[in-house]
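Asker: here is my input, please return the structure:
(chains A, B and C)
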Amino acid sequence: MDKAELILNLKKQIIQYVNILDYKPDQIGDDLPLFGPDGLGLDSIDALELSVMLEREYDIKLTNPAEARKIFVSVNSIAEYIISTKSSE
Amino acid sequence: MYITDLRAISPQATFDAGGLQDHPTSHSGNKYNAQEPDYAGLIAPILLRRMGKSIRMGIGAGLPLIQNQRNIDAIIIGSSEGGLEDCIKFLNQIVLYKEGTLTPTNFVQSTPNALAGSLALMSRNTCYNITHVHKGNAFENALIDAMLLFEEGKADTILAGNVEEISDYNFNIETLAGQFKVEDSTSENLLESGTPGTVCGEGASMFILKDKADDYLARIVDVAQISYPTEEEILGLIMDTLKKNNLRPEDIDTLILGKSGDSHTDVWYTAVNRKLFQEQSIFTFKDLVGEYPTSIAFATYLAACLISGRNIGWKLILPPKPIKHILIYNHYKGVQHGLILMSI
Amino acid sequence: MTKNIYITGFGCISPIGLNADENLRSLRSGQDGIGRSLNLQSRYSELKLFGEVKADTNSLGAPIYFHQIPGLTRTDLLAFTAFNEAIQHSKLTPEEISSHDTAFISASTVGGMCLTDELYADANFLSAGSEFVHSYSGAAHTLQIAKFFGMKGFTNTINTACSSSSNAIMMGMRLIRSGRFKRAIVGGAESMAKYTINGFNSLQILSENKCKPFDIHRDGLNLGEGSAYVVLESEEVCSHKPHLGRIIGAGNSNDTFHPSSLSENAVGVTKCMELALMDAHILPSDINYINAHGTGTQNNDQTELVGFANIFPVIPPFSSTKSYTGHTLGASGALEAIYCIFSLIHNELYPNLHTVDPVPGYCESLITHFTPEVKLDCVMSNSYGFGGNCTSLLFAKS
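Answerer: Numbering: from 1, shown residues only, chains lettered A, B, ... in the order given. The predicted model follows:
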């Protein structure tokens, strides 16, 4: 999958899964921190929602919470993780 | 204890009652849905996104009250069921995804104490925080809890209130249990229908209660509750409650009765009316907001508006005699009965 | 001076015993009740470990089905079992139970939703209405008991998630103190349900191993079930009875941090202990033992230890008996209250099982072996729930 297309899809899915329906995909920067006060402001429950998103949308199951923290930094980091996981399959 | 401030989100235009309508909103069918305000400005979008209707209504009515006080010493909520819509969404996820990886938000938000917790979280209030879920007496028990705290000297100001929402969950289950009318009805003819069943309502009524107050809207003098009583026991409980507060039935000028239009259970109100209170002005409220386990909270809201003359959203037709003492008598399904005695 | 409030009876059913005596035997012998689930119809029955009551629903119901009450759930049956034992233990007469002077305050989180599949069908109109349409709510078990025993006094049900039955005990104490009631039967009931298991699983805090509270390698909790009730009586109505202990104080606070986890600096955990100590007019140094909430999750146990360090210059002996029972949610506060009363009666402490590497710096006083012949005057029991709800109870020798 083309990375730009993947990133756009991810933004749409994130908006659905963490229920920030008043956001448009272009309001979420590729490298905007998803967590913390300087970014989208998501919290630990959202991290779990994102894990569910990876499993349901991309068939990727995260088992290690520490690993999840490294992946869910930004849309870009999630996209890279998906690409590397899919290419190694 | 004294009510010094109040807000309600209900099937009536009770919230932001700026405009005064001639008549209350009329509802028809078996669902009396709440008229919810625009929450933007009340609740930050990042928090609002997770809130089901019950939490939204509870926060919408309760948080502004908290914010208008310097200090709140307790948050006490009465809610039979809490976030039922979240509950059924999570339930359906369990089945749909065959107990696979599920999203936790619905689960966390479905716990009935999510509202009290959210009110505390959003107002940074680390004080006493309790949710009573005793179905038809959950709100009475919240008030009794508040009275205890005042007596203990552990609070000066308390937020107490209720919330209940209509969801597919409770509506469908209660329909199967025969709780609602088979035929169509409207607010105007609900109470005189003479048929079994009632209609489903929802809402949140929130109150600032104070132990001492010079300037107040109404006084809650006493609260009592009983389950599975006989008619004799209900009449006895009413007489005992009045006596304890040095009142006789004739001192009560206004009754608020929880008549729901259900021919099976409205007989309780008829009996109390006929045997103890024949001269009093009578108000009802389930024709306004429908039936739900903690609907007596709305009756308390109505009583406070009647006593204080506060704008409720429509023109209340007041009795000719001035109101001094109101007795609210309500039951849920004839099983749990509650009394709230209010005064000027 | 407030009157003494005595514990004059209790009853419990849990993963480590079908009555109070069996619970005591298991506590002393270090026998936990955690394993695979036999009763639960869930894909996790075989994947995770649970604290299941070792009786199927039919055998639990045998003494009660006789009365042909429709719509009884497992939660109701667990509640009936423990309630019955408590009133018998306290030798309450039927008149005392139904008296206007007796309050009954119960607690549950799942309530009748333990029937997850029936609920799904009824709530989605996939059935014509099961016999359980009146059974699902949190208050259903309380009302069933109140009806069965003809209780005419105050009845209540509290749901503050995992601190629910601690708050039921707290309210019972306060109602007696206020002079409104002479006696309160307080506690809670919880049965394992597909609903709660999937909920906790979605939060990724269910362990596949036996939970090991306060271990640096702890990896989550085991869900459990059970029921426990305690009879509290004002001194003027129980002078003729054995006094098993006293409840001397309670405190409740909100952590104001997060819907499903606790703050790092232990705001609510610390404050509820402070409030309980103030309520009882005692000092931290008067506490001889703490029955910790100790669920075995990283977040809970770490916060609780920070809370202990905030309050106690020297942390007293403590343990989590959830290592025996798993987390029985709405029943846990009352169940652990009974374990505290056992400690006070028998002058002994029950250990924190399964813990190999206790969190360094905090756990010098973690009890890891059954400890008889200790001097105990006053013990603390803590419970914390979702929504930031934190409750601490204090019990003393009679």
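
Asker: distance check, the residue of the stretch 51-200 of chain B found nearest chain C against chain A.
Answerer: Distances between the stretch 51-200 of chain B and chain C by CB to the nearest CB are smallest at residue B:117, namely 2.5 Å. C-beta coordinates here come from the backbone N, C-alpha and C atoms, glycine included. Plainly put, residue B:117 is 13 Å away from chain A if you go by CB to the nearest CB, to the nearest Å.

Asker: ditto for residue C:272
Answerer: Look at residue C:272 and chain A: by CB to the nearest CB, they are 23 Å apart.

Asker: tell me the contacts of that residue?
Answerer: By CB atoms under 8 Å, 6 or more residues apart in numbering or on different chains, the contact list for residue C:272 reads C:251-253, C:382, C:390-392.

Asker: pLDDT, neighbour count and secondary structure for the residues you listed - can I get that in a markdown table?
Answerer: Output for those, formatted as a markdown table (pLDDT from 0 to 100; neighbours: other CB atoms under 10 Å in any protein chain shown; DSSP: H, G, I helix; E, B strand; the rest coil):
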| residue | pLDDT | neighbour count | secondary structure |
| --- | --- | --- | --- |
| C:251 | 98 | 22 | strand |
| C:252 | 98 | 27 | strand |
| C:253 | 98 | 27 | strand |
| C:382 | 98 | 27 | strand |
| C:390 | 98 | 33 | strand |
| C:391 | 98 | 33 | strand |
| C:392 | 98 | 32 | strand |
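
Asker: per-residue pLDDT, the residue of the stretch 51-200 of chain B closest to chain C?
Answerer: Per-residue confidence at residue B:117 stands at 97 (pLDDT).

Asker: before we move on, what about residue A:63?
Answerer: For residue A:63, pLDDT reads 75.

Asker: got it, and residue B:40?
Answerer: With respect to pLDDT, residue B:40 scores 88.

Asker: for the chain, which spans come out with low pLDDT?
Answerer: Assuming you mean chain A. Regions of chain A meeting the criterion pLDDT under 70 cover residues A:1.

Asker: my question was about chain C
Answerer: Chain C contains residues with pLDDT under 70 at C:1-2.

Asker: what residue in it comes nearest to chain B?
Answerer: In chain C, the residue that lies nearest chain B is residue C:387 (2.5 Å; CB to the nearest CB).

Asker: residue B:54 versus that residue, what's the distance?
Answerer: 13 Å (CB to CB, to the nearest Å).

Asker: repeat that for residue B:243.
Answerer: Separation of residue B:243 from residue B:54 (CB to CB): 38 Å.

Asker: more neighbours: which of the two?
Answerer: Between residue B:243 and residue B:54, residue B:54 has the larger neighbour count (other CB atoms under 10 Å in any protein chain shown), namely 30 against 10.

Asker: which residues touch that one?
Answerer: Here residue B:54 is in contact with B:79, B:82-85, B:115, B:163-165, B:202, B:204 (CB under 8 Å, 6+ apart).

Asker: can stretch B:238-249 be found next to chain C?
Answerer: No: judged by CB under 8 Å from any CB of the partner chain, stretch B:238-249 stays clear of chain C, getting no closer than 8.9 Å.

Asker: pLDDT below threshold where in chain B?
Answerer: Counting by pLDDT under 70, chain B shows low-confidence ranges at B:17-18.

Asker: chain A contacts on that one?
Answerer: Going by CB under 8 Å from any CB, the residues of chain B near chain A are B:45-46, B:49-50, B:100-105, B:108.

Asker: repeat the analysis, applying 7 Å as the threshold.
Answerer: For chain B, the residues in contact with chain A (CB under 7 Å from any CB of the partner chain) are B:45-46, B:49-50, B:101-105, B:108.

Asker: buried subset of those?
Answerer: Those of the residues of chain B next to chain A that meet the buried threshold are B:46, B:49-50, B:101-105, B:108, by 16 or more other CB atoms under 10 Å in any protein chain shown.

Asker: format the residues you listed as JSON lines; extra columns: distance to chain C and secondary structure.
Answerer: Shown next, in JSON lines, are those (distance: CB to the nearest CB, whole Å; DSSP: H, G, I helix; E, B strand; the rest coil):
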{"residue": "B:46", "distance to chain C": "13", "secondary structure": "helix"}
{"residue": "B:49", "distance to chain C": "13", "secondary structure": "coil"}
{"residue": "B:50", "distance to chain C": "8", "secondary structure": "coil"}
{"residue": "B:101", "distance to chain C": "7", "secondary structure": "coil"}
{"residue": "B:102", "distance to chain C": "4", "secondary structure": "coil"}
{"residue": "B:103", "distance to chain C": "6", "secondary structure": "coil"}
{"residue": "B:104", "distance to chain C": "4", "secondary structure": "coil"}
{"residue": "B:105", "distance to chain C": "9", "secondary structure": "helix"}
{"residue": "B:108", "distance to chain C": "5", "secondary structure": "helix"}
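
Asker: report the two of those separated the most.
Answerer: Across these, the longest distance by CB to CB is 23.9 Å; it joins B:46 and B:101.

Asker: would you map the strands across chain C?
Answerer: Ranges of strands within chain C are C:5-13, C:34-35, C:50-51, C:102-107, C:155-158, C:183-190, C:226-234, C:245-254, C:289-291, C:318-319, C:378-385, C:389-396, based on DSSP state E.

Asker: gap between the two ends of stretch B:262-269?
Answerer: Terminal residues of stretch B:262-269 lie 11 Å apart, using CA to CA, to the nearest Å.
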